[in-house]
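Q: here is my input; please provide its structure:
(one chain, ligands or ions: 2)
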Amino acid sequence: MKNIVILISGRGSNMQAIVEAARAEKWPARIAAIISNRADASGLEYAAAAGIPTAVVVSKDYPERSDFDAALRAKIDSYTPDLVVLAGFMRILTAPFVEHYDGRLLNIHPSLLPSFPGLATHQQALSFGVKVHGASVHFVTADLDHGPIVAQAAVPVLQDDTEHVLAERVLAQEHIIYPRAVRWFVEGRLSIENGRVHLADQAQ
Ligand SMILES: Nc1nc2c(c(=O)[nH]1)N[C@@H](CN(C=O)c1ccc(C(=O)N[C@@H](CCC(=O)O)C(=O)O)cc1)CN2
Ligand SMILES: NCC(=O)N[C@@H]1O[C@H](COP(=O)([O-])[O-])[C@@H](O)[C@H]1O
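A: Ligands and ions are numbered 1, 2, ... in the order given. Predicted structure coming up:
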């Protein structure tokens, strides 16, 4: 039984999709905890109602990024994670933190990486006038939003799209590809070696 710890900063819709998939599909895993860097993250309410342990490590309480990461790491490790899932988690993590979870840290980014790293990805896509946009699941590295990609989903950008409409179209795909990628990991099919993603064939 694998232990999954999910980090959020807000509503946690990707976290919710993962929790619901894990329970409905009976993954060989448990959601050990939901941890937020913001006390007002509405996803914490969902997690508590779902009977999942929650914790808050407030990033604003730590002037130094490395101190926040150290406190966050201590909290995460108290749940003995096999996998740490960033789900709408809005803090850039330091290299020592990333190295500690090497190969066990996933993120979902709302663009077709390597296009549009960072924030405001949907506005970037609209401003560039791209016709295809989407989302990417990747292993997390110290190099922001440049980790090895596990899965991607593409959506069309329509002429009258607003940032919100496009974000919602992308989010629907996030809720499909992220649970799928996390399930691959907890089933032992997904791994990373020397910076290359390995996905084993489905067990017969
Ligand atoms: N070392 C890494 N840390 C993180 C990664 C990563 O790939 N490597 N992915 C991000 C997730 N993310 C985009 O997918 C992202 C999150 C946050 C930011 C950012 O600029 N954060 C600011 C604060 C913004 C805020 O509080 O609203 C900051 O940390 O100063 C960029 C990209 C998670 N971490
Ligand atoms: N750079 C990280 C980032 O922008 N993550 C994005 O935050 C949104 C809200 O996620 P949530 O509904 O799961 O909280 C999602 O679109 C996710 O891809």
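Q: contacts, neighbours, all on C-alpha from now
A: OK.
Q: pLDDT value on Q204, please?
A: pLDDT, Q204: 53.
Q: please apply the same query to D102.
A: 88.
Q: if I look at it, how far off is L83?
A: Look at D102 and L83: by C-alpha to C-alpha, to the nearest Å, they are 10 Å apart.
Q: which one's more surrounded, these two?
A: Set D102 next to L83 and count neighbours by other C-alpha atoms under 10 Å: L83 wins out with 22 against 15.
Q: any idea how far stretch 175-190 is from the middle of the chain?
A: For stretch 175-190, the separation from the chain centroid amounts to 11 Å (computed by C-alpha atoms, centre = their mean, to the nearest Å).
Q: buried stuff in that stretch?
A: The neighbour-count criterion (16 or more other C-alpha atoms under 10 Å) identifies 175, 177-187, 189-190 as the buried residues of stretch 175-190.
Q: any part of that stretch near ligand 1?
A: No: using C-alpha under 6 Å from any ligand atom, stretch 175-190 never reaches ligand 1; the gap is at least 12.7 Å.
Q: picking up where we left off before, out of the buried residues of stretch 175-190, which are close to ligand 2?
A: Within the buried residues of stretch 175-190, nothing lies near ligand 2 by C-alpha under 6 Å from any ligand atom.
Q: you'd agree L72 is up against D61?
A: No: counting by C-alpha atoms under 8 Å, D61 is not a contact partner of L72; they are 11.6 Å apart.
Q: does V5 sit in a helix or strand, and which one?
A: Taking DSSP states H and E as the definition, one finds V5 inside strand 2-8.
Q: what strands line up against that strand, and which way round?
A: strand 29-36 (parallel), strand 83-86 (parallel) (DSSP bridges).
Q: then that strand to CSV, C-alphas only?
A: Provided in CSV are the C-alpha atoms of strand 2-8 (Å, rounded to 0.1, in the frame of the first residue of the first chain):
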residue,chain,number,x,y,z
LYS,A,2,1.7,3.2,-1.1
ASN,A,3,1.4,6.5,0.8
ILE,A,4,0.5,9.6,-1.2
VAL,A,5,0.9,13.1,0.2
ILE,A,6,-0.8,15.8,-1.8
LEU,A,7,0.3,19.5,-1.6
ILE,A,8,-2.3,22.2,-2.4
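Q: give me the contact list for that strand.
A: Residues outside strand 2-8 that contact it (C-alpha atoms under 8 Å, 6 or more residues apart in numbering): 15, 28-37, 41, 43, 76, 79-90, 186.
Q: restricted to buried residues, select the residues you listed in PyMOL.
A: A single PyMOL command is used to select the members of the contacts of strand 2-8 judged buried by 16+ other C-alpha under 10 Å:
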select buried, resi 15+29+30+31+32+33+34+35+36+37+41+43+76+81+82+83+84+85+86+87+88+89+90+186
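Q: that concludes my questions; thank you for your assistance.
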